[in-house]
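>>> got a structure for you, letters missing:
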RNA sequence: GCGCCCGUAGCUUAAUGGAUAGAGCGACGGCCUCCGGAGCCGUAGGCUGGAGGUUCGAAUCCUCUCGGGCGCACCA
């Protein structure tokens, strides 16, 4: 509807003033008395035509009122200092209500037009357990993917596995030292090694099934990498599935080297004139693209930096797998990497706008009003697994989703464990349960729910009922906006608002036991609300409980 | 020093450049013969860190400034 109004205003302006106004804005006003839709177009137009915005608004209003299009509206008003406000006819709401019930109004949309989008998220180093910050990335990535899928994109959820490089060697080395300790050898634990107790567990498990004693060094390390990465990945996958996050593809960094992709990219960069050899290393001349320094791609010992592998990886996404858009979800500590990847895409003649990054700010875990800090002794954060065990998947998902990604998130354990409005996931699930329970009650009483064309919706006329109808009508627009702006946290707000409106409706109005006509129309409203909540919960990946 | 993010009610925070800045928690006061009270209704609480600027209009954009976080590797 909003898009239609936009187009309509635009065409009206062209007809009335014979100029092209460019992009027209139509917004959903915060205050209901400003209408269902509102456009400040006359204000913008005023400076273009140097006429008073109110006058322009009135002329436009007049033109629109005479048109066929105005039949959707109860009223079209001009407001100071030059807004045009549109008030939908109630019949429009009723039409939406009818559609929600009749044919799956909230079914997948066609906006994405089947374009291929990849969302890459979590991608934690397989050198330790997932911690609470990974959880936030997991949910933001997963929900973004779910929304885009709903909008009609073809979405792939990918996990990038960093299974090569210096950190991995260090990880293997750490297991080796723990193993040696267990066999009674006197060895010094490296200060830059991985200190977590899980390393000892890994070493212990190896000891149970295999002896490393007769292996030569490289063979040992290869085995330890293979085993360690395998175990960590198994753990990550398991924890993520506890959170209801399931990636479509695990992409191994090792493949980039083995398949020759890294060489392919180096050749291309050479050809495009972005390589330089200096101090025995190969550099990417990123200063040519505005970076403050050049970056090493191949170290002087001939080993590869993470950067060249990352370039090859993104090249692979766009050129080999031909994604139209790639969205990476990264921790904010990698922000400086964004421009570097965009620069590298430019140097490979790939449009950098096809690559987007959602940066996630820190997560702090709060308990008893105090931050739980990393344990100095074990070198471990609270793990994501522990968090899920503590608060449950639904609460974790919702809390991770509540804040905008570029705000730091305080995850308050005490609030998460409360079963009240402090913890809105219960509030929302409760609304869903209540709607279901009314319908169940209707069934028990033997009430037959009529078809849409046998119901007189105009009986839904109280302020509360209209508010609920309005939210239902605007929900699609809201989800589209949420998807296009990559701001999944808006779903959390939208569902809370809908639940709130429904709880209010529940308390103010009886459904069952009213006159038959009214009972039927309210039952339909309840069904539609439940459908909407169902959609929102699915998009957020939160369980739809039937009883609480 | 340079770069990115954040400063909104006591706390946690929302708001595609729009109209009177919304919520929840906490505080205070009401509501259960009634479809589930994990709920509903109400009251108090804000110069959106500060100063300039752009704009018809700024929490939002620009400059400066103060405070907090995170980056500035031949680590990932």
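Noted; the coordinates are in hand. As the structure is a computational prediction, the values presented were derived from the model and not from experiment. Numbering: from 1, shown residues only, chains lettered A, B, ... in the order given.
>>> next up, the contacts around residue A:469.
Residue A:469 is in contact with A:90, A:93-94, A:96-97, A:460, A:525, counting by Cβ atoms under 8 Å, 6 or more residues apart in numbering. The C-beta positions use only the backbone N, C-alpha and C, and glycine is treated the same way.
>>> what distance do you get for it to residue A:252?
Noted for residue A:469: a distance of 51 Å to residue A:252, by Cβ to Cβ, to the nearest Å.
>>> export the contacts of residue A:469 to TSV and tack on distance to residue A:138 and neighbour count?
Formatted as TSV, the contacts of residue A:469 follow (distance: Cβ to Cβ, whole Å; neighbours: other Cβ atoms under 10 Å):
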residue	distance to residue A:138	neighbour count
A:90	42	15
A:93	37	20
A:94	40	20
A:96	34	21
A:97	36	25
A:460	40	23
A:525	35	25
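>>> surely residue A:90 and residue A:72 touch.
No: the pair residue A:90 and residue A:72 does not pass the contact test of Cβ atoms under 8 Å, sitting 11.0 Å apart.
>>> what secondary structure does residue A:109 sit in?
Put simply, residue A:109 is coil when judged by DSSP: H, G, I helix; E, B strand; the rest coil.
>>> phi, psi for it please.
Main-chain dihedrals, residue A:109, degrees, to the nearest 10: phi -90, psi 170.
>>> distance of residue A:50 from RNA strand B?
As judged by Cβ to the nearest atom of the strand, to the nearest Å, residue A:50 and RNA strand B stand 10 Å apart.
>>> phi and psi next, for that residue.
Phi and psi for residue A:50, reported as degrees, to the nearest 10, are phi 40, psi 60.
>>> number of nearby residues for it?
The tally of other residues near residue A:50 (other Cβ atoms under 10 Å) stands at 7.
>>> any idea how many residues pack against residue A:273?
For residue A:273, the count of nearby residues is 10 (other Cβ under 10 Å).
>>> same question, residue A:487
18.
>>> again with the one 5 residues further on
If you count neighbours by other Cβ under 10 Å, residue A:492 ends up with 24.
>>> quick one: it and residue A:539 touch, right?
No: applying Cβ under 8 Å, one finds residue A:492 not in contact with residue A:539, separated by 10.5 Å.
>>> shared neighbours, those two?
By Cβ under 8 Å, 6+ apart, residue A:492 and residue A:539 have no common neighbours.
>>> list the residues that contact residue A:230.
Counting by Cβ under 8 Å, 6+ apart, residue A:230 touches no other residue.
>>> mind listing what's buried in stretch A:440-455?
Neighbour counts using 16 or more other Cβ atoms under 10 Å place A:442, A:447, A:449-450, A:455 of stretch A:440-455 among the buried residues.
>>> same check on stretch A:486-503?
Neighbour-count burial for stretch A:486-503 flags A:486-492, A:494-496, A:498-502 (criterion: 16+ other Cβ under 10 Å).
>>> then stretch A:90-108?
Going by 16+ other Cβ under 10 Å, stretch A:90-108 has these buried residues: A:92-98, A:100-101, A:105-106.
>>> for the spatially closest residue to residue A:154 that is not a sequence neighbour, phi and psi?
Closest residue to residue A:154 apart from its sequence neighbours, by Cβ to Cβ, 6 or more residues apart in numbering: residue A:116 at 4.8 Å. Backbone torsions of residue A:116, given as degrees, to the nearest 10, read phi -100, psi 120.
>>> list the contacts for residue A:116?
Shown in contact with residue A:116 (Cβ under 8 Å, 6+ apart): A:153-156, A:322-325.
>>> counting only strands, which of these make the cut?
Of these, the ones assigned to strands by DSSP state E are A:154-156, A:325.
>>> now a ChimeraX select for only the buried ones of the residues you listed.
Only the buried members of these enter the following ChimeraX selection, criterion being 16+ other Cβ under 10 Å:
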select /A:155,156,325
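>>> show me where the stretch 251-400 of chain A has helices.
Remark: helices assigned in the stretch 251-400 of chain A by DSSP state H, counting those that start in this stretch are A:253-258, A:261-271, A:306-315, A:336-347, A:384-391, A:393-402.
>>> so can I have a markdown table of the ones you listed showing mean neighbour count and mean pLDDT?
Converted to a markdown table, the helices of the stretch 251-400 of chain A look like this (neighbours: other Cβ atoms under 10 Å; pLDDT from 0 to 100):
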| stretch | mean neighbour count | mean pLDDT |
| --- | --- | --- |
| helix A:253-258 | 18 | 94 |
| helix A:261-271 | 17 | 96 |
| helix A:306-315 | 22 | 96 |
| helix A:336-347 | 19 | 93 |
| helix A:384-391 | 19 | 90 |
| helix A:393-402 | 24 | 92 |
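>>> make TSV out of those and add distance to residue A:509.
Shown next, in TSV, are the helices of the stretch 251-400 of chain A (distance: least, Cβ to Cβ, whole Å):
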stretch	distance to residue A:509
helix A:253-258	58
helix A:261-271	62
helix A:306-315	55
helix A:336-347	51
helix A:384-391	34
helix A:393-402	28
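>>> contacting residues for residue A:28?
When the contact criterion is Cβ under 8 Å, 6+ apart, the partners of residue A:28 are A:2, A:36-38, A:474, A:477-478.
>>> for ChimeraX, what selects the buried ones among the residues you listed?
Only the buried entries of the contacts of residue A:28 go into this ChimeraX selection, using 16+ other Cβ under 10 Å:
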select /A:2,36,37,38,474,478
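>>> in helices, which of the contacts of residue A:28 appear?
Among these, the ones falling in helices (DSSP state H) are A:2, A:474, A:477-478.
>>> least confident pick among the residues you listed?
In terms of pLDDT, the weakest of the ones in helices among the contacts of residue A:28 is residue A:2, which scores 81.
>>> I'd say that residue and residue A:477 touch.
Yes: if you go by Cβ under 8 Å, residue A:2 and residue A:477 touch, sitting 5.2 Å apart.
>>> what helices and strands are in contact with the lowest-mean-pLDDT helix or strand in chain A?
In chain A, no helix or strand scores lower on mean pLDDT, DSSP states H and E than strand A:370-371, which sits at a mean of 76. In this structure, strand A:370-371 makes packing contacts with no helix or strand, judged by 3 or more Cβ pairs under 8 Å, 6 or more residues apart in numbering; DSSP states H and E.
>>> chain center to that strand: distance?
Averaging C-alpha positions (Cα atoms, centre = their mean, to the nearest Å) puts strand A:370-371 27 Å from its chain's average.
>>> which residues touch it?
The contact list for strand A:370-371, computed with Cβ under 8 Å, 6+ apart, reads A:364-365.
>>> okay, domains of chain A per the record?
A:2-88, A:121-253+A:361-417, A:424-540 (automatic domain parsing).
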